[in-house]
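*Asks:* next input, structure requested:
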Amino acid sequence: MALISLGSLAAAIFLGFFRKMNTGLVCIGFALLLGKLAGIPDKEIIGGFNYSLFLMLLGVTYLFGLAEWNETLKLLTKKITVLAGKRTYLIPVVMYLFATVLSALGPGTIPTTAIMMVFGMTLAVEMKINPAMLAAIIFLGAAGGGMSPLAATGIIGLNLCEEFGAPLLVNGVFSSTVYAAVVYIAFGGYKLKSEKALKFSDTASFNRAQIITLLGICAMVGMVMIFKVNVGLASFTAAMALSFFRVSDEGEALKRIPWGTLLLICGVGVLMNVIIVLGGIHLLSASLASIMNAATATAILGVTAGVMSWFSSTSGVVMPTLIPTVPHIIHQMSISVNPVEWVTAISMVSNTAGISPLSTGGALALAAYSSEAGAAAGEMDRLFVKMFGISAIGVVTLSTLAYFGFYRWLL
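*Replies:* Sure, this is the predicted structure:
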């Protein structure tokens, strides 16, 4: 049954990718079938649904759905980018920094990518910046900041490694910065020049609704960081205030909640709970431990996470599958290692793989560039190859650094 349970997870990922089905929905169905075969009560199967995690993700995505609808975040992005002026070579740097900060404040990796990619690809077209480079840098910033305890991926990561703790935000930002710098230098970002410069006068002023929205977001961050309020509850409270002042549209914000993503994340959790009960995690841990030693373990976990992320969700599938194996592998290998090193490798290599157009981050970039540039099929094919290449090289680069103890240096 342990082997069958792992096979069901692989089948769910396969169906999700090739049949374009929601992997979380498939996982819930498989969890029921496995549970009945193994005699697991329905109550125990349902117990795998993480209600606390669902509430946190729902609150955060709803609040930023309000902020996205009234274009507060879009205008803020424009004003930050204006800081580069004629120094075009600074635009990728500014976009990276702002993507990191914005993602860390709550929207997380994919919402931040979606918000910034449209404007980023517009800049790429207008200012003749390589779209593959700018898209990768924006996504890496969003991925690093997304490890914040206020953002969805960071919330998921902290839930998964609660027993041993992990400074995911610091490690994530450092790791993303390293590869973003590699991409920036490799594509000659430091050579960019342009006579065209955006000015603050080119951007609108924040209106009443947007100012109140910004204050609401700041209040949410303050409640979480200073008063240690649950991020989901704080987000709903801030959203309530925004609705009271009628600064956004509740109906439109509800439509912007990524219900499919929430179902994916929590649905995989239901199946993972059944897999744990049936001993699947112990079996997977033993299998990985059999091909690892103390020197290669971090790199192998990184490569595994990266390849999995090309075909499935980082936060919804890869992290929930691999992070729970960490303490088991350490126990089975009887080695002394800080589990945070392995968790960081899993999280950041899989996030880097998300630059691929096969994943959501890369797909958003392709869609945005196609819309802004009106690019022909041949140009889009070349951009697809470039972005997948950046993703693949990122997986290899960070996994190689992992082999030489890069993630150990961050501890």
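
*Asks:* any weak-confidence spans in this structure?
*Replies:* Regions of the chain meeting the criterion pLDDT under 70 cover residues 85, 162-168, 194-198, 225, 311-312, 358, 371-378, 410-411.

*Asks:* if you count contacts, what does the helix or strand hosting V170 end up packed against?
*Replies:* According to DSSP states H and E, V170 maps onto helix 168-186. Using 3 or more Cβ pairs under 8 Å, 6 or more residues apart in numbering; DSSP states H and E as the contact criterion, the secondary-structure elements in contact with helix 168-186 are helix 91-104, helix 131-145, helix 152-160, helix 339-353, helix 377-403, helix 406-409. No exception for glycine: its C-beta is placed from N, CA and C like everyone else's.

*Asks:* which one of those lies closest to L53?
*Replies:* For the helices and strands packed on helix 168-186, proximity to L53 was assessed by Cβ to Cβ; helix 152-160 is nearest, at 5.7 Å.

*Asks:* report all helices and strands that the closest one contacts.
*Replies:* Packed next to helix 152-160, using 3+ Cβ pairs under 8 Å, 6+ apart, are helix 51-69, helix 109-126, helix 168-186, helix 319-322, helix 339-353.

*Asks:* switch the cut-off to 6 Å
*Replies:* Under the contact criterion of 3 or more Cβ pairs under 6 Å, 6 or more residues apart in numbering; DSSP states H and E, the helices and strands touching helix 152-160 comprise helix 51-69.

*Asks:* the inter-axis angle of the helix it packs on versus helix 109-126?
*Replies:* Relative orientation of helix 51-69 with respect to helix 109-126: 30 degrees, computed using axes from the mean of the first three to the mean of the last three Cα atoms, to 10 degrees.

*Asks:* please point out which parts of helix 51-69 sit buried.
*Replies:* Using 16 or more other Cβ atoms under 10 Å as the test for burial, helix 51-69 gives 53-69.

*Asks:* repeat that for stretch 144-159.
*Replies:* Neighbour-count burial for stretch 144-159, counted by 16+ other Cβ under 10 Å, picks out 144-148, 150-159.

*Asks:* how close does the closest residue to L264 other than its chain neighbours sit to S235?
*Replies:* In space, and not counting its chain neighbours, L264 is closest to G24: 3.7 Å by Cβ to Cβ, 6 or more residues apart in numbering. Here G24 is placed at a distance of 21 Å from S235 (Cβ to Cβ, to the nearest Å).

*Asks:* tell me which of the two has more neighbours.
*Replies:* Each of G24 and S235 had its neighbours counted (other Cβ atoms under 10 Å), and the higher figure belongs to S235 (30 against 25).

*Asks:* just say helix, strand or coil for the more buried one.
*Replies:* Assigned with DSSP: H, G, I helix; E, B strand; the rest coil, S235 falls in the helix class.

*Asks:* surely it meets G59?
*Replies:* Yes. Using Cβ atoms under 6 Å, S235 and G59 qualify as a contacting pair, with a distance of 3.4 Å.

*Asks:* quick check, F98 in contact with I80.
*Replies:* Yes. Under the criterion of Cβ under 6 Å, F98 lies in contact with I80, with a separation of 4.5 Å.

*Asks:* just to revisit the earlier point, work out for me the element the residue nearest to L264 sits within.
*Replies:* Using DSSP H and E, G24 sits in helix 23-38.

*Asks:* can you list the buried residues in that helix?
*Replies:* In helix 23-38, residues buried by neighbour count (16+ other Cβ under 10 Å) are T23, G24, L25, V26, C27, I28, G29, F30, A31, L32, L34, G35.

*Asks:* try stretch 291-303
*Replies:* If you call a residue buried by 16+ other Cβ under 10 Å, then stretch 291-303 has these buried ones: M292, A297, T298, A299, I300, L301, G302, V303.

*Asks:* turn these into JSON lines, including secondary structure and distance to T122.
*Replies:* Shown next, in JSON lines, are the buried residues of stretch 291-303 (DSSP: H, G, I helix; E, B strand; the rest coil; distance: Cβ to Cβ, whole Å):
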{"residue": "M292", "secondary structure": "coil", "distance to T122": "45"}
{"residue": "A297", "secondary structure": "helix", "distance to T122": "43"}
{"residue": "T298", "secondary structure": "helix", "distance to T122": "39"}
{"residue": "A299", "secondary structure": "helix", "distance to T122": "38"}
{"residue": "I300", "secondary structure": "helix", "distance to T122": "40"}
{"residue": "L301", "secondary structure": "helix", "distance to T122": "38"}
{"residue": "G302", "secondary structure": "helix", "distance to T122": "34"}
{"residue": "V303", "secondary structure": "helix", "distance to T122": "35"}
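
*Asks:* closest to I212 among those residues?
*Replies:* G302 (43.3 Å).

*Asks:* from I300, how far off is V26?
*Replies:* Separation of V26 from I300 (Cβ to Cβ) stands at 27 Å.

*Asks:* try F18
*Replies:* F18 is 26 Å from I300, where distance means Cβ to Cβ.

*Asks:* got it, and A238?
*Replies:* A238 is 42 Å from I300, where distance means Cβ to Cβ.

*Asks:* what of P149?
*Replies:* When distances are taken as Cβ to Cβ, P149 and I300 turn out to be 28 Å apart.

*Asks:* chain neighbours aside, what residue packs nearest to the residue most central in space within the chain?
*Replies:* Using Cα atoms, centre = their mean, the residue of the chain that lies closest to the mean C-alpha position is T109, 3.9 Å off. Here the nearest residue to T109 in space, its sequence neighbours aside, is G146; by Cβ to Cβ, 6+ apart that works out to 3.5 Å.

*Asks:* my guess is the one you found contacts S103, does it?
*Replies:* Yes. Contact between G146 and S103 holds when scored by Cβ under 6 Å: they sit 4.7 Å apart.

*Asks:* the helices in the stretch 201-350 of the chain, which residues?
*Replies:* Under the criterion DSSP state H, counting those that start in this stretch, helices of the stretch 201-350 of the chain are mapped to 208-225, 231-244, 250-256, 259-277, 280-290, 297-311, 319-322, 325-333, 339-353.
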